[in-house]
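*Asks:* Got a sequence here, can you build the structure:
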Amino acid sequence: MKKAILAWTIASLGACSAAIADDIKLNQLGFLPGAAKVAVVPDGAVREFKVVEADSGKVVLTGLLGPAARSADSGDTVRQASFAALTKPGTYLLRVDGLPDSLPFKVSASAYQALNAASIKAFYFNRASIALDAKHAGVYARPAGHPDTQVLIHASAASPQRPAGSRISSPKGWYDAGDYNKYVVNSGISTYTLLAAYEDFPAYFQQQRLNIPESGNGRPDLLNEAWWNLEWMLTMQDPADGGVYHKLTNQRFDGMVMPDQAKEPRYVVQKSTAAALDFAAVMATASRVYAPFDQKLSARMLAAAQSAWRWAQAHSRDYYKQPQDIVTGDYGDNDVSDEFAWAAAELYITTGQDEFYKAMRAPEQPATVPSWSDVRGLAWLSLARHRQKLTPAADQPLIASRIDKLAQQLADGWRQSPYGISMQTSDFVWGSNAVALNQAMVLLHGYRLNGKRVYLDAAQSSLDYVLGRNALDMSFVTGYGARATLHPHHRPSEADGIAAPVPGFLAGGPQPGQQDKTHCPQPYPSALPAKSYLDHVCSYASNEVTINWNAPLVYVSAGLQALTPLK
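*Replies:* The predicted structure is shown next:
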């Protein structure tokens, strides 16, 4: 069945590409009643749009299209239709004479609750070392894979206490992406973003039930899911010196098989400064988040954070270097000034010790949109979140100005964009959809800081973008949207024999590098940045899933649900 659907998809790509040019593009899930609501319409002779009830065809709103604008990133000329005045719950279509009606969309007070739950549940579906049973996983149930209780110490990670070839136990954690390996650096920003979502919107997550094995244990399920990965991360610290192994991996990537079918030996590889600092930052964050639930656990994580910090200070340039016999993802980074700043900020917030704020060297740190390779922005987001509880050592005006300046830059780009997004041409990189959502996360922090509505509306547009208001007229979240990603580069989704992919995963998204094009049987439909996307399992460069891309989807979908005014 899956192969038949894939063949049909490949055969129909040309016809679909032609139809996309005439499509009205919008968020295929819909909107909260009080949200900004924008669609993108191909330029033509008509200047008016209508919103109609999907079932009756009754016109409920009319408006004028905005000015025509040419998008260099997508190669088309479009106009925006703004219909924020539509607040009544229901299912609607947007209509422009001479064009096909838009896909149906809803206005609902719970518009993103199911999406948010699915984006978290995706982490459960990517758990290592556990069988997913039908009670919790439904049709995506699978046997356990990668117990990781007999992991080899790679030569690059050897120490007197743990010589090469000796074994440690390092189970649990999340598979990093479409592959089956586990990486501390990428786990760092991913786990932090989930914890940040809880810190910012605790009431929202306290009411949520995800049907995971730990549901009902007294902790919110978001924290239950994060703990599965935190437990693994703790095993990646060498108790003898506080250093942290960079990754747990095969020597090479597994084939397109299910987890229980992957039998290659597993290794922990090299301790690195970046891994130690990311670990320190996340454990310091987790220490304060879990403190109300378990003081002993909180103390354990803080001690682990401080030990990793001391190791990183003593090994400030132990950059990760890929061994010759290891060919899996490296997450290499030869500039760890941002990791030092982030770890210092989190330790300062959790301990209240001014020495950590000084170690951050705040005046030297710009605020940037977060990514795994540049985490200094996370330091500013955390400081802003906890600004009311900081010691006098913290420069409060500097904290506020860093967040507001970055949010304003993103909002300025949003205003000027033909598609109404904050992304610029340079943002169409590997994982561009995560760039959009990390920008939205910054904008939501700006909105929480000073209440500027423009920041909330710009953040909404980033979610609109990944859910369909884009040049490809598709939702990049598996299982969500009438035209959603069907063939992600994700081993379980490909190998499980089920036609539909595992739901709730965000695909990487368009980017013109096309690093995988020689491996794919189908060419990319376009080289333009906003259209350089291939919905094929071969496309690891545009269609892979990763935990650090899903994490901002969790944050943004919850943040919009929690922060958007009712009307």
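
*Asks:* now the strands for the stretch 101-250 of the chain?
*Replies:* Secondary structure of the stretch 101-250 of the chain (DSSP state E, counting those that start in this stretch): strands at 105-107, 151-153, 167-168, 182-183, 245-249.

*Asks:* wait, which of those strands is closest to Ala117?
*Replies:* Set against Ala117 and scored by Cβ to Cβ, the strands of the stretch 101-250 of the chain come closest in strand 105-107, at 16.3 Å. Every C-beta, even on glycine, is put in place using the N, C-alpha and C of the backbone.

*Asks:* Show me which helix or strand of this structure is least confident by mean pLDDT.
*Replies:* Between all helices and strands in the chain, the lowest mean by mean pLDDT, DSSP states H and E belongs to helix 2-20, at a mean of 47.

*Asks:* what pLDDT, on average, does the next helix or strand after that one get?
*Replies:* Moving toward the C-terminus from helix 2-20, the next helix or strand (DSSP states H and E) is strand 30-31. Mean per-residue pLDDT for strand 30-31: 98.

*Asks:* Check which residues of the helix or strand just after strand 30-31 are buried.
*Replies:* Per DSSP H and E, the first helix or strand lying C-terminal to strand 30-31 is strand 38-42. The neighbour-count check on strand 38-42 (16 or more other Cβ atoms under 10 Å) flags 38-42 as buried.

*Asks:* and if you look at stretch 162-169?
*Replies:* Those buried within stretch 162-169 under the rule 16+ other Cβ under 10 Å are 162, 168.

*Asks:* for stretch 474-491, same thing?
*Replies:* Those would be 474-481, 483-491, for stretch 474-491 by 16+ other Cβ under 10 Å.

*Asks:* okay, Thr485: pLDDT?
*Replies:* pLDDT at Thr485 comes out at 98.

*Asks:* In contact with it, which residues?
*Replies:* Going by Cβ atoms under 8 Å, 6 or more residues apart in numbering, Thr485 touches 474-478, 501, 505, 507, 535, 543.

*Asks:* these two touch, right, Pro163 and Leu152?
*Replies:* No. Using Cβ atoms under 8 Å, Pro163 makes no contact with Leu152, being 10.7 Å away.

*Asks:* just to revisit the earlier point, which one of the contacts of Thr485 is nearest Tyr180?
*Replies:* For the contacts of Thr485, the nearest to Tyr180 is Phe505 (15.1 Å; Cβ to Cβ).

*Asks:* tally of neighbours for the closest one?
*Replies:* 31 (other Cβ atoms under 10 Å).

*Asks:* Wait, it touches Pro488, no?
*Replies:* Yes. Phe505 is within contact range of Pro488, at 5.9 Å (criterion: Cβ under 8 Å).

*Asks:* any residues in contact with both of the two?
*Replies:* With Cβ under 8 Å, 6+ apart, Phe505 and Pro488 have common neighbours 478, 545.

*Asks:* returning to that earlier point: just put the strands of the stretch 101-250 of the chain in CSV and tack on distance to Gly63.
*Replies:* Shown next, in CSV, are those (distance: least, Cβ to Cβ, whole Å):
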stretch, distance to Gly63
strand 105-107, 15
strand 151-153, 60
strand 167-168, 62
strand 182-183, 48
strand 245-249, 52
